[in-house]
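Visitor: sequence first, predicted coordinates after that:
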Number of protein chains: 2
Amino acid sequence: MKDYAFGIDVGGTTVKMGLFSTDGVLLESWEIPTRKEDAGCNIMPDIAESIEKKLEEKGITKDDIKGIGVDVPGPILQDSIVNKCANLGWGVVDVTKEMTALTGVENIKVVNDANAAALGEMWKGGGEGHKDVVMITLGTGVGGGVIIDGKIVAGHFGAGGEIGHMLVNRFEERICGCGKSGHLEQYASATGIVRKAEDILALSDRPSTLRDLPEITARDVFDHAKQGDVIALEIVDFAGQMLGGACSIISAVVDPEIFVLGGGVSKAGEILLASVRKYFRSAAFHASEDARFAIAKLGNDAGMYGAVKMVIE
Amino acid sequence: MKDYAFGIDVGGTTVKMGLFSTDGVLLESWEIPTRKEDAGCNIMPDIAESIEKKLEEKGITKDDIKGIGVDVPGPILQDSIVNKCANLGWGVVDVTKEMTALTGVENIKVVNDANAAALGEMWKGGGEGHKDVVMITLGTGVGGGVIIDGKIVAGHFGAGGEIGHMLVNRFEERICGCGKSGHLEQYASATGIVRKAEDILALSDRPSTLRDLPEITARDVFDHAKQGDVIALEIVDFAGQMLGGACSIISAVVDPEIFVLGGGVSKAGEILLASVRKYFRSAAFHASEDARFAIAKLGNDAGMYGAVKMVIE
């Protein structure tokens, strides 16, 4: 009986490994370091060895394994080939082929990390019970994943769900991390929120408790907003405007049932959701006005859940 | 042998009827008037009668019919139920059920008209040979359809592909036809282009051949731009900026291989495409920069093609 599967989230620093039952329960998770040296040639052998050990420890045979899902921070072709991944030191790598050779497991699928997180959140997280889900991850940058009818929209050029790079301000002169300008990431990421705070504080001498801090983080902005600081509230309102507007645009394209916000910034919770919802409703096409918003639930495990979901359906 | 199928495009004025072979050739097309009176209760019986007559005329039996695809200018649920359609006088109508009762044909599918046009253009028109296609119809308004992996993204609330209602200018004070503000339709529709022309001409006394016209149409704007009129060129450039920017956003969400532009405004051809492409490339996430742009090919037949495609796969 193929009762087990692995969900493996390969990050730039650590590889998160998850042993799942095929009904979707995470039985055990652990981490191994990502050895990026030598063009990342050790990463897959390390993963295979760690799987081998775990099987031995648990007394599970290879025949019990339904499959291995792997997510990687790069563009993926045909659920199997990584098309360059600077974070891992990889060029074009057929992960399915190599992992099958290393493990003897045939059913191996590879998926982009942001898309895996979206699929995971749809399945067991903030989007549970829904099949048309858009996830937006608000961290240092802004990532995302689009799930339509339970399936990832990877995109023809592998850029499906690159929500952070939606043009939301065609008058912006500052440059986005990607080299273009006016992208959502410049306003809704932790970095963007801090930059906005610095801008708005520099514009005037208006009092703000944020001025007492030696250095401002996105979390500070939300914390001070919750305590009623007017300038902090303005910054949150602006982030909500950019995010809510972007979500209204996403609705006009793929019209999801629910948006799931994840990443560090999403920990702000209801104060962020309320602002996003307000601007969403003010801009969205009427049919989509009742789309729901939720905070992600799986945290850093979302990728493992999404990866394993790819192989246990 | 089920060698035939019907593709039927139900519009507010006429119903376009198409008899297709199941390999996708339009054998014959004709029109009947749309009788909207009495809550549109005659529309489906009229269609059924016209089908009946055509079968008799051609000596085709019901057993030869693979299916009937119907497109309607309204939101559709489960490929079968129209959820209110003011243009036809309909409330909630189960078209599949009624049409099956009227015709005896079991395989009947219903699809939104803009989505049908997108599917038709993907199949036999400007997007032929591609499976990830976004169509944008630039007419009095702006409509659209999103096709991913050969399938329509209808959206959870039926608003998938409502490209015209993407927020592209959050500072707009004028109201869109839908009641919100700053939507693409306000800038890229024929109406929007004419409004921009009036605005820009009123702003100064700069010379323009457009000033000689008693009334300006979108077509005039493109014609005068092709003849080198500077103000007309500025108007075209602005429309291209709004459209190209919107397409870059669509790429960051679903990342299609090709955009197909249809509707009256698209007849402007290369002058429009060049402007759209320029602004698309300047704003798009790098991975999607090479997405293609094409002009639609099927004109008013696109809906029939898309509708029939729903029943002959």
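Guide: Arrived safely.

Visitor: now the end-to-end length of stretch A:223-235.
Guide: End-to-end distance of stretch A:223-235 (Cα to Cα, to the nearest Å): 12 Å.

Visitor: pLDDT value on the residue nearest to A:K131 when sequence neighbours are not counted, please?
Guide: The shortest distance from A:K131 to any non-neighbouring residue, by Cβ to Cβ, 6 or more residues apart in numbering or on different chains, is to A:G150 (4.5 Å). C-beta here means a position set from N, CA and C on the backbone, and glycine is covered the same way. For A:G150, the model assigns a pLDDT of 96.

Visitor: in stretch A:76-89, what counts as buried?
Guide: For stretch A:76-89, burial by neighbour count (16 or more other Cβ atoms under 10 Å in any protein chain shown) applies to A:I76, A:D79, A:S80, A:V82, A:C85, A:N87, A:L88, A:G89.

Visitor: again, but for stretch A:157-172
Guide: Result for stretch A:157-172 [16+ other Cβ under 10 Å]: buried residues A:157-170.

Visitor: do stretch A:42-57 as well
Guide: For stretch A:42-57, a neighbour-count test (16+ other Cβ under 10 Å) marks A:N42, A:I43, A:M44, A:I47, A:A48, A:S50, A:I51, A:K54, A:L55 as buried.

Visitor: same check on stretch A:223-240?
Guide: Within stretch A:223-240, the residues that qualify as buried are A:223-225, A:229, A:231-240, counting by 16+ other Cβ under 10 Å.

Visitor: export those to TSV and tack on secondary structure and distance to chain B?
Guide: Shown next, in TSV, are those (DSSP: H, G, I helix; E, B strand; the rest coil; distance: Cβ to the nearest Cβ, whole Å):
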residue	secondary structure	distance to chain B
A:D223	helix	27
A:H224	helix	25
A:A225	helix	21
A:D229	coil	25
A:I231	helix	21
A:A232	helix	22
A:L233	helix	19
A:E234	helix	16
A:I235	helix	17
A:V236	helix	17
A:D237	helix	13
A:F238	helix	11
A:A239	helix	14
A:G240	helix	12
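
Visitor: of these, closest to A:A101?
Guide: The shortest approach to A:A101 among the buried residues of stretch A:223-240 belongs to A:A239, at 46.4 Å (Cβ to Cβ).

Visitor: wait, isn't that closest one in contact with A:I193?
Guide: Yes: counting by Cβ atoms under 8 Å, A:A239 touches A:I193, with 5.5 Å between them.

Visitor: mutual contacts of these two, please.
Guide: Common contact partners of A:A239 and A:I193 (Cβ atoms under 8 Å, 6 or more residues apart in numbering or on different chains): A:Y187, A:V265.

Visitor: where's the closest residue to A:T191 other than its chain neighbours relative to chain B, distance?
Guide: Counting by Cβ to Cβ, 6+ apart, A:T140 is the residue found nearest to A:T191 once chain neighbours are left out, at 5.8 Å. Distance of A:T140 to chain B, computed by Cβ to the nearest Cβ, to the nearest Å: 17 Å.

Visitor: can you pull the pLDDT of A:T140?
Guide: 91.

Visitor: can you list phi and psi of it for me?
Guide: For A:T140, the backbone dihedrals (degrees, to the nearest 10) come out as phi -60, psi -40.

Visitor: how about A:S189?
Guide: phi -80, psi 170.

Visitor: so what's it up against?
Guide: With Cβ under 8 Å, 6+ apart, A:S189 has these contacts: A:L138, A:G139, A:T140, A:G141, A:V142, A:G164, A:V265.

Visitor: ok, it to A:V142 distance?
Guide: Distance of A:S189 to A:V142, computed by Cβ to Cβ, to the nearest Å: 5 Å.

Visitor: about what we covered before: which one among the buried residues of stretch A:157-172 gets closest to B:V134?
Guide: Closest approach between those and B:V134, by Cβ to Cβ: A:G160, at 12.1 Å.

Visitor: which SSE is the closest one in?
Guide: Assessed by DSSP states H and E, A:G160 sits outside every helix and strand.

Visitor: now it: phi and psi?
Guide: Dihedral angles (degrees, to the nearest 10) for A:G160: phi -60, psi 140.

Visitor: returning to that earlier point: restricted to strands, list the buried residues of stretch A:76-89.
Guide: If you go by DSSP state E, those have A:I76, A:V82, A:C85 in strands.

Visitor: can you name the residues bridging to the first one?
Guide: Beta-bridge partners of A:I76, counted by DSSP bridges, are A:V82.

Visitor: isn't it up against A:A154?
Guide: Yes: counting by Cβ under 8 Å, A:I76 does reach A:A154; the two are 6.9 Å apart.

Visitor: common neighbours of these two, please.
Guide: By the contact definition Cβ under 8 Å, 6+ apart, A:I76 and A:A154 are jointly contacted by A:N112.

Visitor: near chain B, which residues of the stretch 51-200 of chain A show up?
Guide: Applying Cβ under 8 Å from any Cβ of the partner chain, one finds that the stretch 51-200 of chain A approaches chain B through A:75, A:132, A:146, A:148, A:153-167, A:170, A:178-183.

Visitor: 7 Å - rerun?
Guide: Neighbours of chain B within the stretch 51-200 of chain A, by Cβ under 7 Å from any Cβ of the partner chain: A:75, A:132, A:146, A:148, A:153, A:155-160, A:162-163, A:165-167, A:170, A:178-180.

Visitor: quick one on the thing from earlier: give me the neighbour count for the residue nearest to A:K131.
Guide: Applying other Cβ atoms under 10 Å in any protein chain shown, we find 14 other residues in the vicinity of A:G150.

Visitor: state the helix or strand in which the closest residue to chain B within the stretch 51-200 of chain A lies.
Guide: Closest contact between the stretch 51-200 of chain A and chain B, by Cβ to the nearest Cβ, is at A:G155 (2.6 Å). Using DSSP H and E, A:G155 maps to neither a helix nor a strand.

Visitor: which helix or strand contains the residue lying closest to it once chain neighbours are set aside?
Guide: What sits nearest to A:G155 in space, not counting adjacent residues and going by Cβ to Cβ, 6+ apart, is B:D255, at 2.6 Å. For B:D255, there is no enclosing helix or strand under DSSP H and E.
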